[in-house]
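Engineer: fold the following.
(one chain, ligands or ions: 1)
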Amino acid sequence: MTDIIQLKAADVAVCGGGPAGIGAAIAAARAGLKTVLIEATGCLGGTSTSGGLPMFLGATTGSVPFPKMVELGLKYSELPHPRKAVGGIFDLIVDRIVAAGGSTGICRVPQTDKYPGLDRMGCHDDFIFDIETGKRVFDSLMEEFGVTLRYYARVIDVKTTCGRIDGIYFSDKSGISYLPVSAVIDCTGDADCVRHAGLSTVKGDPETGAMAIAGLVAHVENVDSAAVEKYLNEGGDPWFKPFCAKARADYPGLNLPSRLIMFPMPQPGVFMINGGLSWGGYDGTSGKDLTALTIRGRIEADRITKVLLRRYLPGFENATLRSTAAYPGIRETHRIVSEGPLTEKDLLEGQEPDGIVALGGRHFDLQRFVGAGSQVFAEKGMKVRGGVAGIPYSAMIPAGSQNIIAAGRCIDAEGQALGPARVMSTCMATGEAAGTAAALAVREKKRFIDVSVTELRKILRLGGAEVDI
Ligand SMILES: Cc1cc2nc3c(=O)[nH]c(=O)nc-3n(C[C@H](O)[C@H](O)[C@H](O)COP(=O)(O)OP(=O)(O)OC[C@H]3O[C@@H](n4cnc5c(N)ncnc54)[C@H](O)[C@@H]3O)c2cc1C
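Structural biologist: Numbers count the residues shown, from 1 in each chain. Predicted coordinates:
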């Protein structure tokens, strides 16, 4: 065992640099905390960059489940967006990415500006951006706000005394480092730090343990977008089901998907494949499963491009595989057991407004292996009351903890409530709330649970965040 490298103390360690970690680190540093952001990969953005999915959903209300849109022949560009659900740091990031030329703004996609018919492929109630521009903008914001960034560093343990975290251990090429901290924000997506601290978490469905499907996103290029638009304008199925059925019949041994959910990316002729490259039965916290999922994803992305897209789909005759994601897309693993969860009942029947520190505008959309269907509430036409999901502060605080808080997809959201809570704009908003709460907790030497939510909501509002349902 090598000697442990002792680092200078920080006020707060933000662990994981996905959408939640970005929001948390900026908020904490902006509030004056000495902030260190530890990220396992070589870029910020998490699933939006490393996962190949540069689409922040949930920033506005008014989203409609895609099958419903197809059934009713609705276009995303025509959907009303009654209200903004996420502001604050998210707005800053949107502005910077747009200014850097990486997007044309919320609910806009450059390819559909040119070919409006592509709109029928979906997801325009979100912010879609160029991944490389996003990575550079995230880096520059960390520098601007004075966040100390450690890439290629994975948090492997925490040191606790009487339930309080004294510091975190992380591993990188330099060896194992120990960073003393006053507070920890767990933005790992998998509640890694919470688990290292010995606090309770729950994995997947509490009854069955089943988790949402996982996959490996791919991008294809050299697509004739005009031809795809023509096909869609003529009423073609946006999930390309008839072509998938024909290809499956022609190649029964290849296990090709029965539908393809693809989205036009900002770059001309580039499309992202999401649906069609996800499967059940993989555990995103198993190293073995993550390896198997990555290898399978690469094989299937190549096969789908060469066999299904090129031979069957209009406009994709010359498509080539541009990239597969740097790591698999994991929708759910461990969530914290909190001081007070976000429940399904909350979202269906209305919420107590005073405890809310972040909002989400997304409908119920989580594909889970529960009951008879994968998106039970969406399939039954059930809606989030008022169209906006409020995230209670209590759902971010691990039960019985002192100086650790969680943000992003590992917060305590029950069942189908995880759908609206785990989309990326809302993850960034919970990150902003956690970073802001950390400043209050550290300065006032309080446990997270003892921070005044009234004060927290006031500060968040002043920063442009949306906290009022
Ligand atoms: C296939 C798929 C499609 C989706 N589609 C959309 C969509 O279109 N729009 C949308 O808004 N949401 C979508 N989601 C959901 C959304 O991407 C996630 O819920 C969201 O990214 C969660 O954000 P996060 O910051 O909590 O975690 P993540 O984005 O998972 O980021 C976690 C970060 O922490 C790092 N990390 C993990 N463990 C450690 C550790 N121990 N030490 C240091 N770093 C660590 C990771 O490298 C990563 O950078 C999709 C998810 C999947 C899987």
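
Engineer: C-alpha only now, for contacts and for neighbours.
Structural biologist: Noted.

Engineer: pLDDT weak spots in the stretch 51-200 of the chain?
Structural biologist: Where the stretch 51-200 of the chain drops to pLDDT under 70, the residues are 123-124.

Engineer: can you map out the strands along it?
Structural biologist: With DSSP state E, counting those that start in this stretch, the ranges of strands along the stretch 51-200 of the chain come out as 55-57, 126-128, 148-150, 154-161, 164-172, 175-186.

Engineer: outside of the first one, which residues touch it?
Structural biologist: What that stands for is strand 55-57. With Cα atoms under 8 Å, 6 or more residues apart in numbering as the test, strand 55-57 has contacts from Ser48, Cys123, Asp125, Asp126, Phe127, Ile128, Phe129, Arg362, Val423, Met424, Ser425, Thr426.

Engineer: list the strands paired with that strand, with their directions.
Structural biologist: Within its sheet, strand 55-57 is paired with strand 126-128 (antiparallel), according to DSSP bridges.

Engineer: kindly report the same for the fifth one.
Structural biologist: Each strand pairing with strand 164-172, determined using DSSP bridges, is listed with its direction: strand 154-161 (antiparallel), strand 175-186 (antiparallel).

Engineer: make sure Ala439 is indeed in a helix.
Structural biologist: Yes: under DSSP: H, G, I helix; E, B strand; the rest coil, Ala439 falls within a helix.

Engineer: now do the same for it: its pLDDT.
Structural biologist: pLDDT, Ala439: 98.

Engineer: these two touch, right, it and Arg30?
Structural biologist: No: counting by Cα atoms under 8 Å, Ala439 stays clear of Arg30, with 9.3 Å between them.

Engineer: from Lys306, how far off is the closest residue in space to Phe243 that isn't next to it in sequence?
Structural biologist: Of all residues not flanking Phe243 in the chain, Tyr312 sits nearest, at 5.9 Å (Cα to Cα, 6 or more residues apart in numbering). Tyr312 is 10 Å from Lys306, where distance means Cα to Cα, to the nearest Å.

Engineer: how many residues are close by the closest residue in space to Pro54 that isn't next to it in sequence?
Structural biologist: Counting by Cα to Cα, 6+ apart, Ser48 is the residue found nearest to Pro54 once chain neighbours are left out, at 4.3 Å. Counted by other Cα atoms under 10 Å, the residues lying close to Ser48 total 23.

Engineer: ok, Ser48 - contacts?
Structural biologist: Shown in contact with Ser48 (Cα under 8 Å, 6+ apart): Gly18, Pro19, Pro54, Met55, Phe56, Ile131, Met424.

Engineer: gap between the fifth one and Lys114?
Structural biologist: Taking Cα to Cα as the measure, Phe56 falls 21 Å from Lys114.

Engineer: what score does the residue in the stretch 251-400 of the chain positioned nearest to the ligand have for pLDDT?
Structural biologist: Nearest residue of the stretch 251-400 of the chain to the ligand (Cα to the nearest ligand atom) works out as Gly329 at 3.5 Å. With respect to pLDDT, Gly329 scores 95.

Engineer: could you do Ala417 as well?
Structural biologist: Per-residue confidence at Ala417 stands at 89 (pLDDT).

Engineer: does it really touch Pro341, like I thought?
Structural biologist: No: look at Ala417 against Pro341 with Cα under 8 Å: they stay out of range, at 9.8 Å.

Engineer: out of those two, which sits in the more crowded spot?
Structural biologist: Ala417 (26 against 22).

Engineer: the ligand contacts on this structure?
Structural biologist: Applying Cα under 6 Å from any ligand atom, we find that the chain lies next to the ligand at 15-21, 38-41, 44-47, 55-57, 153-155, 187-189, 192, 214-215, 329-331, 408-409, 422-425, 427.

Engineer: which of those fall in helices?
Structural biologist: Members of the residues of the chain next to the ligand lying in helices (criterion: DSSP state H): Pro19, Ala20, Gly21, Asp192, Met424, Ser425, Cys427.
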